[in-house]
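**Q** Provided below for reference: sequence and predicted model.
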Amino acid sequence: MKKITLFVFAVLVCLCLFSGAQRAAFAYVAVEKHPIDIEMQRMLDEDSSTAGILNAYEFAMKEWDKLLNENYRTLRQRLGKEEQEKLRASQLAWIKYRDLEFAFNKGFWKEFKGTMYIPFSPGYQVNFVRERALRLGYYLEDLAMR
């Protein structure tokens, strides 16, 4: 059974590596450290209080949102009319999903008692926006290879 599991994992890795989907497949496993990540971590190392954590997350959220919007605009400019509309529809759907997800997430963690839970929702939100910003950036990189 162990050999079969290892074989299946190896096949999946190979498929991802040779299909151009490696970034998508490993998005949760090993995304390179971005300068925003590095600065946020520096801020967290400097002040690990609840207020310090919230400040670091606020900084990161603003920066990831800025990068997301830059990547969206640049990608949109480089696409044909039909692809532009698909991207626009996708982004509008993502924004709706983001807003609903954030409302749920914020309410979910609000019910937990203790200050340690205060940064959970903002931390989740940072990672959520980070992932979309990086995804749009990956589309830009892939577009350059067309």
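**A** Sure thing, it's come through.

**Q** okay, now the domains of this structure?
**A** The chain breaks down by automatic domain parsing into domains covering 1-30, 33-144.

**Q** mean neighbour count and mean pLDDT for these - can I get that in CSV?
**A** Heads up, the C-betas are built off the backbone N, CA and C, glycines and all. What follows is the domains of the chain, written out as CSV (neighbours: other C-beta atoms under 10 Å; pLDDT from 0 to 100):
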stretch, mean neighbour count, mean pLDDT
domain 1-30, 11, 41
domain 33-144, 15, 96
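
**Q** just checking, N105 touches Y124?
**A** Yes. Between N105 and Y124 a contact is recorded at 5.5 Å, counting by C-beta atoms under 8 Å.

**Q** need the contact partners of the strand or helix carrying I38.
**A** Taking DSSP states H and E as the definition, I38 sits inside helix 35-46. Helix 35-46 has contacts (C-beta atoms under 8 Å, 6 or more residues apart in numbering) with G52, I53, N55, A56, Y57, F59, A60, E63, W64, L67, V126, R130.

**Q** residue contacts, the last one?
**A** The contact partners of R130, taken as C-beta under 8 Å, 6+ apart, are H34, I36, D37, A60, W64.

**Q** what is the nearest of those residues to L134?
**A** H34 (7.5 Å; C-beta to C-beta).
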